[in-house]
Structure formats: structure tokens, C-alpha cells
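Chemist: This is a predicted model, with the sequence first.
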Amino acid sequence: MDRNDLVVDDLNNADVFKELNDEEYAEFLHTGRAKKVKDRTVLFHQGDPAQRCYWVRQGRLKLSRVNEEGKEVTLRYIFQGEIAAAVAVIKNSEYSVTALAMEDTEVVAWEKFDFIKLMERFPRIPVNILTIVLNRLDDIQNRYTELCTEQVEQRIARTLLRFIRTCGARRHDGIYIETPLSRQDLAEYIGTTVFTVSRTLSKWERKGWIKSDQKKIIVTDPHALVSFTE
């Protein structure tokens, strides 16, 4: 994909580029490079030098980390319009996570030198990145609190509600989670087993709260999930 395939509206919808004018968007378009990443392809590995950061134009990335015992933990998903690895580039460090494409994904990459220069030219960018980092920190703290205080079924319900807010599309039969989401994905993200996730989703299907198959979930009664979490 050529740089010229990018459009200003793509960047305008991203939190990291809020409040930039058209000329500033154009400069970002000139320095960024678009790339297509196939489903289940690693974009960068934990421990690699952080040479570039990535903005997801379309698709989804899974960010995971392997601990000292070799267990993989899913930290978060990066959806369309979100940026990944900006902090690692700013810190001039290694990638602290591995980024895996969870479907065919299009990203825009900025080399470290270019991104730092753009941040120096446009001070609004560091402010936007700080806001994004703080929001993600809040999300991690909330998930940790849920892990310590709530039952697994409550955590599954909260996770589905998070996905609704991030990538939900209202349809005639409910709210469709537009990104593919398997039982394994949910289990890794929540910190439970595939069996528990499958059993819970099947129970909620019988109650009429959701519809699902292997990688598709439609929440037919979001109010029921909200009430369940409370």
C-alpha cells in the first residue's frame, strides 16, 4: 500500500491526532508508511528494539507478554484508530509486549526518528499520548480490581461490555461485536479457561442475552449484562 492511499479522515478519527489541522495531518501522512499484516502474523516481538510505532487503520492487534515462567498473558487489544508502541519509541527502549494481528490488519508505521520529530513540532501529540496512556492505565487498574474482587462470570460480562463500547455496531437483533472474538481470546484476556467462557456464553444464549458462534458475538440484551455486573 502506498502512502498516498492514506486519507486525512483516517487520522482525524484517531485519539492520538486530535486537534491537528489539515496541514499537520498531511505531514503525518507524508512521514507514515502503510502496511498490510496477515491474520496471526506478529508485527513485533517482546524484547525487540522499539524502532517504530503503529497506528491501526483497520483490524485488530493483540498485545501479550510472556512472564518468567513462560506463560503468556493478554494485556489488551488495539482496535481501529488506536496506536501501539508509542511509549516504547519515546522511551527509546525495547518493546515490552508482542503484537499479533488477530485478523487481516492494516497499520501505519512511523519510524522512531520521524515520530519524535513530529512530537517536537506538534506539542499536541505528546498531550494526546499522555491522555491515552492514562486511560489505558485506568483500564488495567479496573481489570485488576475485577480480577481480585469479582466472579469470573461478572468479568466476562464486563469484558463484553467493553468490546461493545470499543467496536460494537447496533443491528436489528442486538449489538454486534465487529471484531472476531473466539472463546480462547476471551479466556486469555480475562484470565480464565476456555471451558468456563464457553459454559457461560452458552448459559447466556439460553437466557436470550447473546447470540454467538466460534468467533462472532451479538449482545441481544446489553441491559441484562449491565445488571449482571452490578
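Modeler: In hand now; what should we look at? Numbering: from 1, shown residues only.
Chemist: contacts and neighbour counts: CA atoms only from here.
Modeler: OK.
Chemist: Against which helices or strands is the lengthiest helix in the chain packed?
Modeler: The helix that spans the most residues within the chain, counting by DSSP state H, is helix 124-149. Packed against helix 124-149, as judged by 3 or more CA pairs under 8 Å, 6 or more residues apart in numbering; DSSP states H and E, are no other helices or strands.
Chemist: starting at the chain centroid, how far to it?
Modeler: Relative to the chain's own centre, helix 124-149 is displaced by 12 Å; criterion: CA atoms, centre = their mean, to the nearest Å.
Chemist: And it, what's buried?
Modeler: For helix 124-149, the neighbour count (16 or more other CA atoms under 10 Å) marks 124-126, 128-129, 132, 143, 146 as buried.
Chemist: swap in stretch 204-211?
Modeler: Neighbour-count burial for stretch 204-211 flags 204-205, 209-211 (criterion: 16+ other CA under 10 Å).
Chemist: Please apply the same query to stretch 60-77.
Modeler: 60-65, 73-75, 77.
Chemist: Going through these, which one is the model least confident about?
Modeler: Lowest-confidence member of those: residue 73, scoring 86 (pLDDT).
Chemist: and the helix or strand encompassing it, what other elements does it pack with?
Modeler: Here residue 73 sits within strand 72-79, counting by DSSP states H and E. Secondary-structure packing of strand 72-79 (3+ CA pairs under 8 Å, 6+ apart): strand 52-58, strand 60-66, helix 183-190.
Chemist: Since that was my last question, I'll sign off now.
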